[in-house]
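1. Would you be able to build a 3D model of this:
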Amino acid sequence: MDLQQKNKLLHARAGFGISLDDYHNPLPVEKAVERLFPKSSPGLLEMITEAEWADQSPRAMKEITDDSLRKEKKKEFREKTNDLNTLWEMAMVSSYFPLVEKTALFWHGHFATHIDNPYYDQKLLHIFRKNALGNFGNMLRDVSKSPAMLQYLNNKQNRKQHPNENFAREVMELFTLGRGHYTEDDIKEAARAFTGWNFTDEGDFDFKVKQHDDGEKKFLGKTGNFNGDDILNILLEQKQTSVFITQKLYRFFVSDEIINDKHVNELAKHFYKTNYDIGSFLKKMFTADWFYHEKTIGAKIKSPIELLVGYQRLLSMQFNKDNTILNLQRILGQHLFNPPNVAGWPGGKNWIDSSSLVIRMRLPEAFFGSKELNLAAKDKDKEMAGGMYMNGRKDNKSDKAFRVGKVDVKWDNYLAYWKKYSRQDLPTALSGFLLPVSLQDEKLNDVVSFADISSNEAFIKSLTILLMELPEYQLS
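-> Numbering: from 1, shown residues only. Next comes the predicted model:
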């Protein structure tokens, strides 16, 4: 694999696709990786201020006696979640350090919550972005004490003599050890340790001492008067935690299906040795020779967010309607702040079925060409692959159809770059840039035969659209 291809693979996995500048001026791998890391943590993406939350918190809403006013405020509140969704996606599109947003997207799926509360979602998103390349232990503690997680997994109802096991179970099964590395007794004892973990209306962690079970507990072979922090520390002491997180990071950044145990074990040992330093982990992975093996190319299916953000970063496109991006997220099966369940999005081949693949392959023509596409999104519970369809067919009264029309695209820089190529050389060069895998000459010639040859600009634009409509474009 030459240096240009290595840079293309790196930016596809560590971000949302390579820019023309980075593609044209590839760096040595070590320097390219180093450039991915910012010198400081990102700031807060704020869609709702503390003052606005104070006006719409449960306490404030109880004081409103006018039903119509309360209803209007609830509607405004729900819309804020959509606004936060759009704000984060725009950060992914515009960020100079897309690795931060890409890794935060991973943590959003790892620590999945759905609570319909933009203020708590905003706080949780800040934890993901602030710690995205930082320390996993710190993030685990912050997430575990966040109002979004405590509410989603019912720890507000976890009290002495009446323990609720939801959070205790998921913190082991999904967030640290993985299934099969703990017992039901461990869950019960951990739940006792997390009793009293609560939060205020303002979204601050609140440890209610009177609700906490301060008796002796036995957990993972240890005995003591453990509280929630003790349980998290014991979980972090387990080498299995580093293995489990490494496996998930490997699937996210390297391969959907093929897991190389040797590489995973090497990374897991490094992760544990560095006290769960995420940035150090990613640098080791992205600079490993094996990462740039031919088998890695095309080994991942782009998630809906990766696909949509990739379009926008590549061609500086802007949607004419604010709700288009939200509708596309729902239809393609990855609606931010609305995962299907506590396990998050399963990813991989689950992103694709016969219906969703057809939609994905028709989007470029709707975005950049002359055709419009009519789509409809089903209920959130049916969002994953299979809950998508086209042309306004409905089987549910809650389905809403919408039209994907053309978008505003700034083609100038893109066209200027590719005009340097002759019409004969352009197809191979352009497909090499847009697609992760090389096309056979016969297939590439078939694609070219459908291109608009009326002008150089028309040829570049139409060939770009045609290549984006290929199944190979869905891979990275």
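
2. Tell me which residue lies nearest the centroid of this structure.
-> Here the mean C-alpha position of the chain is nearest to the C-alpha of residue 105 (Cα atoms, centre = their mean), at a distance of 2.8 Å.

3. so what's it scoring on pLDDT?
-> Residue 105 carries a pLDDT value of 98.

4. who's in contact with the closest residue to it other than its chain neighbours?
-> Nearest residue to residue 105 in three dimensions, chain neighbours excluded: residue 305, at 6.2 Å (Cβ to Cβ, 6 or more residues apart in numbering). For the C-beta atoms, the positions are set from N, CA and C on the backbone; glycine is no exception. With contacts defined as Cβ atoms under 8 Å, 6 or more residues apart in numbering, residue 305 is in contact with 89, 92, 105, 329, 334, 336.

5. Sitting in strands, which of these do you find?
-> Among the contacts of residue 305, no member falls in strands (DSSP state E).

6. shaky segments in the stretch 1-150 of the chain?
-> Per-residue confidence for the stretch 1-150 of the chain (pLDDT under 70) gives no ranges below the cut-off.

7. Now do the helices in it.
-> For the stretch 1-150 of the chain, the helices identified by DSSP state H, counting those that start in this stretch occupy 3-14, 20-24, 29-34, 50-56, 58-62, 67-94, 98-110, 118-131, 136-144, 147-152, in order along the chain.

8. One more: the stretch 251-400 of the chain?
-> With DSSP H, counting those that start in this stretch as the criterion, the stretch 251-400 of the chain has helices spanning 261-273, 278-286, 304-315, 324-332, 354-368.

9. For residue 64, find the nearest of the ones you listed.
-> Distance to residue 64, taken as Cβ to Cβ, is lowest for helix 324-332 among these, at 27.6 Å.

10. Can I get the closest one as CSV, trimmed to CA atoms?
-> Included here for helix 324-332 are C-alpha records, laid out as CSV according to Å, rounded to 0.1, in the frame of the first residue of the first chain:
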residue,chain,number,x,y,z
THR,A,324,-33.7,16.8,6.0
ILE,A,325,-30.6,15.6,8.0
LEU,A,326,-32.8,14.4,10.8
ASN,A,327,-35.1,12.5,8.5
LEU,A,328,-32.2,10.9,6.7
GLN,A,329,-30.7,9.8,10.1
ARG,A,330,-34.1,8.2,11.0
ILE,A,331,-34.5,6.5,7.6
LEU,A,332,-30.9,5.2,7.4
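
11. Quick one: work out the angle between it and helix 67-94.
-> 90 degrees (axes from the mean of the first three to the mean of the last three Cα atoms, to 10 degrees).

12. and helix 324-332, what's its mean pLDDT?
-> Confidence over helix 324-332, taken as the mean pLDDT, stands at 93.

13. how far out from the middle of the chain is that helix?
-> In terms of Cα atoms, centre = their mean, to the nearest Å, the centre of helix 324-332 is set 14 Å apart from its chain centre.

14. Run through the residues that contact the closest residue to residue 74 other than its chain neighbours.
-> Leaving out its chain neighbours, the residue that sits closest to residue 74 by Cβ to Cβ, 6+ apart is residue 61, at 7.5 Å. Applying Cβ under 8 Å, 6+ apart, we find residue 61 in contact with 70, 73-74.

15. Over to residue 474?
-> 301-302, 307, 352, 357, 360-361.

16. if we go to 6 Å?
-> By Cβ atoms under 6 Å, 6 or more residues apart in numbering, the contact list for residue 474 reads 301-302, 360.

17. what about residue 403, which helix or strand?
-> Residue 403 belongs to strand 400-404 when elements are defined using DSSP states H and E.

18. Tell me the strands beside the helix or strand just after that strand, with direction?
-> Moving toward the C-terminus from strand 400-404, the first helix or strand encountered (DSSP H and E) is strand 408-409. Strand 408-409 has these partner strands in its sheet, going by DSSP bridges: strand 317-318 (antiparallel).
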